[in-house]
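Novice: Structure here, sequence nowhere to be found:
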């Protein structure tokens, strides 16, 4: 309906996740109003996608061969925290709750979608496990896929290294009456001794 | 937090309207998974933005000098329908309710945002008004800005040509108890003789 080049632009935006016709149209009209400089900048960002690498050691996103966390001498080498994605890694980093090294799987096992363990960044993980590693912390999400992956990795690593899993339970500030049954079940299973101070 | 090139990519997506940090991140991860071909295609679409023109006659988007509607000999030359944007033009075209020519203002008067009549595509409209034009139909939206623009154009064109405005009222399939007071007021003002067949 629109001129071909404008339709192409809409089609380009429709490739983004969750973007339908109306939103793509809105984006295209916005893009049409970008000044020369902005347009060049956006183009350059897209061109640079092919230059974004994954860390040789942990699989995290990086500009170079090794990521900033793997290179950081101030982080302990004895702990490895396994996450599904760079996004989850950033969530943990933002919270400032972990000072060891990471390992990014870049996905989860999902038989229905045909994602097998061999599709994940697991080979390099095995290579990292040595007598220097005290503990591997599984931080995959508590979803069906994340749990499946955690189970697989537990079986794979058991006997080689201590394997732990992040606790599940009622989130801080959360309400019991808004929590689902499985969360409450986990909260009971994982109950700890009450602290008096 | 992410590598610089990935942050650039997120920043590029954040330039889209209504896109915050989380959505931009999601788009960037999707873009990272695009294959070479898709990436090239998206890049090309963006590069072509500068080749999208506005029609010399009506201001609609077009690939060439004149748009398909202005060039179409099957459309009547005696009616001009004035719309705010190419999007609104497409809405009317999709409904198939008008077979005259269009004029696209590419905006509305908005004093608060500093959009003056001189910023709109009005000069070329004046040039189009001649004895050949029977009627100009104002199809700007019934919002504050659209109404202001319609009022301005009515004053500007009155005496030169017949000027009409699209009817306001209860939308088809709409409910009275869900209609706002101004819509009901307009529906009363614009009431027509009941048709017996």
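Specialist: Yep, that arrived. Keep in mind the model is a prediction, meaning the values are calculated, not measured. Numbering: from 1, shown residues only, chains lettered A, B, ... in the order given.

Novice: how does chain A divide into domains?
Specialist: A:4-51, A:75-165 (automatic domain parsing).

Novice: a markdown table for these, including distance to chain B and mean pLDDT?
Specialist: Where you see a C-beta, it was placed from the backbone N, CA and C, and this is true even at glycine. Formatted as a markdown table, the domains of chain A follow (distance: least, CB to the nearest CB, whole Å; pLDDT from 0 to 100):
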| stretch | distance to chain B | mean pLDDT |
| --- | --- | --- |
| domain A:4-51 | 4 | 93 |
| domain A:75-165 | 5 | 94 |
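
Novice: Run through who's touching the longest helix anywhere in chain A.
Specialist: Longest helix in chain A, counting residues (DSSP state H): helix A:144-157. Outside helix A:144-157, the residues that touch it by CB atoms under 8 Å, 6 or more residues apart in numbering or on different chains are A:82, A:84, A:105, A:108-110, A:117, A:120, A:122, A:125-126, A:129, A:136, A:138, A:140, A:163, A:165.

Novice: if we can go back for a sec, which stretch among the domains of chain A comes nearest residue B:23?
Specialist: domain A:4-51 (8.2 Å; CB to CB).

Novice: next one: the closest one to chain centre, how far?
Specialist: Relative to its chain's centre, domain A:4-51 lies at 25 Å (CA atoms, centre = their mean, to the nearest Å).

Novice: Narrow the contacts of helix A:144-157 to just the buried residues.
Specialist: A:82, A:84, A:105, A:108-109, A:117, A:120, A:122, A:125, A:136, A:138, A:140, A:163, A:165 (16 or more other CB atoms under 10 Å in any protein chain shown).

Novice: Of those residues, which belong to helices?
Specialist: Those of those lying in helices (DSSP H): residue A:125.

Novice: among the buried ones among the contacts of helix A:144-157, which are in strands?
Specialist: Those of these mapping onto strands are A:82, A:136, A:138, A:163, A:165, per DSSP state E.

Novice: What sits closest to the first one if chain neighbours are left out?
Specialist: This points to residue A:82. Leaving aside its chain neighbours, residue A:82 sits nearest to residue A:103 (4.9 Å; criterion: CB to CB, 6 or more residues apart in numbering or on different chains).

Novice: what pairs with the stretch of helix or strand that neighbour belongs to, and is each one parallel or antiparallel?
Specialist: Assigned by DSSP states H and E, residue A:103 belongs to strand A:101-104. Counting by DSSP bridges, the strands paired with strand A:101-104 are strand A:79-83 (parallel).

Novice: Let me know the next secondary structure element after the strand it pairs with.
Specialist: helix A:86-95.

Novice: re earlier: identify the residues contacting the strand holding residue A:103?
Specialist: Strand A:101-104 has contacts (CB under 8 Å, 6+ apart) with A:54-55, A:58-60, A:69-70, A:75-77, A:79-86, A:89, A:92, A:121, A:124-125, A:128.

Novice: just the buried members of these?
Specialist: A:54-55, A:58-60, A:69-70, A:75, A:79-86, A:89, A:92, A:121, A:125, A:128.

Novice: Ramachandran angles for the residue nearest the centre of chain A?
Specialist: Centroid-nearest residue in chain A: residue A:85, 1.8 Å away (criterion: CA atoms, centre = their mean). For residue A:85, the backbone dihedrals (degrees, to the nearest 10) come out as phi -150, psi 160.

Novice: Tell me who's in contact with it.
Specialist: Contacts of residue A:85 (CB under 8 Å, 6+ apart): A:104-107, B:29.

Novice: among the residues you listed, which two are most distant?
Specialist: Maximum pairwise distance among the contacts of residue A:85 (CB to CB): 14.1 Å, between A:105 and B:29.

Novice: what's the neighbour count on residue A:111?
Specialist: 9 (other CB atoms under 10 Å in any protein chain shown).
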